[in-house]
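Peer 1: Sequence isn't available, so here's the structure alone:
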């Protein structure tokens with residue numbers, strides 16, 4: 001029987017994709033929802049990602065559409081292109097502030113926040129949620145080389161869940177199905193916003 005815990009999921013799409021890819025598996029988002037619905041009352045499941053504007057077809061669009069129709073609240077914004085001081089074209093796209101605002105706004109209505117990200121920038125958010133009486137779990141990995149989770153984020157969380165322990169319940173092998181086109185990643189000559 002599920003507990004009376006009121007849970008919200010906050011998924012940093014690009015970070016989770018990179019984590020899963022580094023471990024050689026894909027996330028089964030339907031199984032991910034079921035996993036947390038079985039643990040308590042799932043108030044919300046947010047998925048955050050930046051999209052490249054002016055692309056006729058985005059490789060991540062089918063996933064975004066599926067998530068939107070299957071129980072996730074999808075939050076997107078367009079990436080921004082600019083030319084840096086050396087004249088190189090760069091792309092920025094970061095959803096940290098949107099995730100943080102949604103988490104703080106939802107804090108009075110939940111008692112457990114699950115953040116799928118290893119980004120150390122979320123340490124302050126975790127601390128702010130904890131001050132509001134919310135238990136915070138961080139899902140990422142220390143199994144990859146280098147680890148995908150920042151040490152300060154892992155230490156701040158009430159619970160760190162290495163995603164490899166969730167694999168049997170939320171993952172599927174990358175080889176089990178046709179490869180999904182790669183999600184837009186920030187390249188070495190590009191930076192996050």
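Peer 2: Received it, and whenever you're ready, just let me know what you need. Owing to the predicted nature of the structure, the values given are computational and were not obtained by experimental measurement.

Peer 1: And the strands in the chain?
Peer 2: 6-12, 25-27, 41-51, 73-78, 80-83, 89-92, 112-116, 135-140, 159-162, 171-173 (DSSP state E).

Peer 1: per-stretch mean pLDDT over these, give me the minimum one.
Peer 2: The minimum mean pLDDT among those belongs to strand 89-92 (a mean of 76).

Peer 1: Run through the neighbouring helices and strands of it.
Peer 2: Applying 3 or more C-beta pairs under 8 Å, 6 or more residues apart in numbering; DSSP states H and E, one finds that strand 89-92 contacts strand 80-83. The C-beta positions use only the backbone N, C-alpha and C, and glycine is treated the same way.

Peer 1: Please name the strands paired to the strand it packs on in the sheet, noting orientation.
Peer 2: The strands that strand 80-83 pairs with in its sheet are strand 89-92 (antiparallel) (by DSSP bridges).

Peer 1: For the strand it pairs with, list every residue counted as buried.
Peer 2: 90, 91 (16 or more other C-beta atoms under 10 Å).

Peer 1: That strand: how far from the chain's middle?
Peer 2: Centre-to-centre, strand 89-92 and its host chain are 21 Å apart (C-alpha atoms, centre = their mean, to the nearest Å).

Peer 1: same thing with stretch 164-171?
Peer 2: With C-alpha atoms, centre = their mean, you get 15 Å for stretch 164-171.

Peer 1: hang on, the earlier thing: comparing the strands of the chain, which comes out most buried?
Peer 2: Highest mean neighbour count of these: strand 112-116, a mean of 25 (counted as mean count of other C-beta atoms under 10 Å).

Peer 1: End to end on stretch 118-132, go ahead and measure it.
Peer 2: Taking C-alpha to C-alpha, to the nearest Å, stretch 118-132 runs 22 Å from one end to the other.

Peer 1: Let's test this: mean pLDDT of that stretch, rounded?
Peer 2: Stretch 118-132 shows an average pLDDT of 97 in the prediction.

Peer 1: How much space separates residue 130 from residue 75?
Peer 2: Remark: distance between residue 130 and residue 75 (C-beta to C-beta, to the nearest Å) = 23 Å.
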